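Q: just to be clear, the model below is a prediction. Sequence and coordinates:
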There are 2 protein chains.
Amino acid sequence: MSKELTEKAKLLVNSARELFFKHGIKRVSIEEICQKANVSKMTFYNYFKDKDELAIHIADIILDAELNNLMENDAKPIHFEEKIRNHMLWSYQIYNESGNEFFSEALDADESTVFGKHVKEKTLEVFKFSKNMILKAQKKGEVKPGLKIELIMFLGDMTKKIMANPEIQKLYPDKIQMFKDICNIFYYGIINSEGDKPF
Amino acid sequence: MSKELTEKAKLLVNSARELFFKHGIKRVSIEEICQKANVSKMTFYNYFKDKDELAIHIADIILDAELNNLMENDAKPIHFEEKIRNHMLWSYQIYNESGNEFFSEALDADESTVFGKHVKEKTLEVFKFSKNMILKAQKKGEVKPGLKIELIMFLGDMTKKIMANPEIQKLYPDKIQMFKDICNIFYYGIINSEGDKPF
DNA sequence: TACCAACCTTACGAAAATAGTATAAATAGA
DNA sequence: TCTATTTATACTATTTTCGTAAGGTTGGTA
């Protein structure tokens, strides 16, 4: 897939992204992607080896954008709390534009598959950057001192999984509220607010 | 499917309802339904001829409940506007409990298929009752006089289709707002409010 | 005990959907 | 015109799904 993407290829990517987000990867066929994009199947195989490669490409676009957004926010001269709030908002808009089947699947993806392995690796990059960001914030006193970064990272990963969990989603007819609640527990629970004494 | 439903069969119905609502009928396999319900495939075929029969059964449950809810509200000594508001609320809760793929599909279902034909017929019953309800309301002066019931019914049908249209849904990140807007146009636009003069 | 109904597992062949390829023709821009 | 891109069609291979058969397990009941 090292080729430059033409108009037709972009149509395929967009069509696939919409379908994957809505239905998940395994429930969408290549022909369906082509039909939605009004592109012939041969053109699909001209640009992508198979469905997995296309899915990886889409995951990359999104995860790259996520990393980029994290970096942008981190570069701003604002409090950690605001950086996170900004990024939360951004994430919400991207991941919820039409369902979240794609990443529910991606996060649970079997690591033995090509797709699963790739997503895990890519996610790790974002993970590392976040970790560093939190570390810096902790040093500046914006995050509770003494908390292990590894623990915070683990909880951050859990946060995503919790949000993708159907049982949790059932509890919230309003997805935005769910998002806020879970993020609040994670982020604002670790903020070093003035009156707090270390536990 | 005239058999009484046992516990296992109910598990199948519930599991299928969830999956159908979320992914639509065609994207869900019988085995998947069985797995989710923790019921063997043979038991499935013991109660249902095929996926269509199960889908019809589920559609019946919901459409019967809808008709029932309409009747209940109609029996109350309240203004037409409130009857409709109650029913709207009920409908919203049912149809949006986890996506609406099932009825998007059902409403567009090919009439040549067994499923499509059945759903159309069943919908017609609800349709007839609504028609009568509107007619009564019109006679009582609660709906604008002069409006053809057939036109109102047609618009009512359109309303459902509009709500199921992906393009329209895209316009509304907030589905509740979409629902309100569309229903308001349909229902409250036809209400005989005090100051209005007949057009 | 013997029996029965509901359900299970395993296995299987048939049918349908999907994947992926080959070929030749159409299109559109340099 | 030459070239690159895209398309349509047609085909085979693979995978998924369907639907059935056979035999075993469980738990309640006469």
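A: Cool, got the structure. Numbers count the residues shown, from 1 in each chain, chains lettered A, B, ... in the order given.
Q: distance of A:Met53 from A:Leu12?
A: Check again: residue A:53 is Glu, not Met. 11 Å (Cβ to Cβ, to the nearest Å). Backbone N, C-alpha and C define where each C-beta goes, glycine included.
Q: wait, A:Leu63
A: A:Leu63 sits at a distance of 19 Å from A:Leu12 (criterion: Cβ to Cβ).
Q: which of these two has more neighbours?
A: Neighbours were counted for A:Leu63 and for A:Leu12 using other Cβ atoms under 10 Å in any protein chain shown; A:Leu12 has more, 26 against 20.
Q: excluding sequence neighbours, find me the nearest residue to the more buried one.
A: Counting by Cβ to Cβ, 6 or more residues apart in numbering or on different chains, A:Ala37 is the residue found nearest to A:Leu12 once chain neighbours are left out, at 4.9 Å.
Q: the one you found: how many residues sit nearby?
A: Residues near A:Ala37, counting by other Cβ under 10 Å, number 21.
Q: OK, contacts around it?
A: A:Lys8, A:Leu11, A:Leu12, A:Asn14, A:Ser15, A:Ala16 (Cβ atoms under 8 Å, 6 or more residues apart in numbering or on different chains).
Q: give me the pLDDT for it.
A: According to the predicted model, the pLDDT of A:Ala37 comes to 93.
Q: ok, of the contacts of A:Ala37, which come out buried?
A: Listed as buried from the contacts of A:Ala37 are A:Lys8, A:Leu11, A:Leu12, A:Ser15, A:Ala16; burial here means 16 or more other Cβ atoms under 10 Å in any protein chain shown.
Q: what's the farthest-apart pair in those?
A: Pairwise distances across these (Cβ to Cβ) peak at 12.6 Å, for the pair A:Lys8 and A:Ala16.
Q: right, and A:Ala65 touches A:Ser91 too?
A: No - judged on Cβ atoms under 8 Å, A:Ala65 makes no contact with A:Ser91 at a distance of 10.0 Å.
Q: more neighbours: which of the two?
A: Neighbour totals were compared for A:Ala65 and A:Ser91, and A:Ser91 leads with 19 against 13 (other Cβ under 10 Å).
Q: what sits against the more buried one?
A: Shown in contact with A:Ser91 (Cβ under 8 Å, 6+ apart): A:Glu66, A:Asn69.
Q: which elements pack onto the helix or strand hosting A:Lys8?
A: According to DSSP states H and E, A:Lys8 maps onto helix A:7-23. For helix A:7-23, the elements it packs on are helix A:30-37, helix A:41-47, helix A:51-75, helix A:101-108, judged by 3 or more Cβ pairs under 8 Å, 6 or more residues apart in numbering or on different chains; DSSP states H and E.
Q: and these, which is most packed in?
A: Highest mean neighbour count of those: helix A:101-108, a mean of 20 (counted as mean count of other Cβ atoms under 10 Å in any protein chain shown).
Q: which SSE is immediately downstream of that helix?
A: Heading C-terminal from helix A:101-108 (DSSP H and E), you reach helix A:114-139.
Q: and that next one, what does it pack onto?
A: Short answer (3+ Cβ pairs under 8 Å, 6+ apart): helix A:114-139 packs on helix A:51-75, helix A:80-95, helix A:101-108, helix A:149-164.
Q: weakest of those helices by average pLDDT?
A: Per-stretch mean pLDDT for the helices and strands packed on helix A:114-139 is lowest at helix A:149-164 (a mean of 65).
Q: residue contacts, the closest residue to A:Phe21 other than its chain neighbours?
A: Spatial nearest neighbour of A:Phe21, chain neighbours left out: A:Phe102 (4.7 Å); criterion: Cβ to Cβ, 6+ apart. A:Phe102 is in contact with A:Arg17, A:Phe20, A:Phe21, A:Gly24, A:Ile25, A:Ile58, A:Ala59, counting by Cβ under 8 Å, 6+ apart.
Q: which of those residues are buried?
A: Using 16+ other Cβ under 10 Å, the buried ones in those are A:Arg17, A:Phe20, A:Phe21, A:Gly24, A:Ile25, A:Ile58, A:Ala59.
Q: how near is the nearest residue to the fifth one once chain neighbours are set aside to DNA strand C?
A: Read that as A:Ile25. Of all residues not flanking A:Ile25 in the chain, A:Ala55 sits nearest, at 5.1 Å (Cβ to Cβ, 6+ apart). As for A:Ala55, its distance to DNA strand C is 11 Å (criterion: Cβ to the nearest atom of the strand, to the nearest Å).
Q: thought A:Ala55 was touching A:Phe20?
A: Yes - judged on Cβ under 8 Å, A:Ala55 makes contact with A:Phe20 at a distance of 6.5 Å.
Q: ok, now which ones touch the closest residue to A:Lys140 other than its chain neighbours?
A: Setting aside the residues directly before and after it, A:Lys140 is nearest to A:Phe80 in space (Cβ to Cβ, 6+ apart), at 7.4 Å. With contact taken as Cβ under 8 Å, 6+ apart, A:Phe80 is in contact with A:Met133, A:Ile134, A:Ala137, A:Lys140, A:Glu142, A:Val143, A:Ile191.
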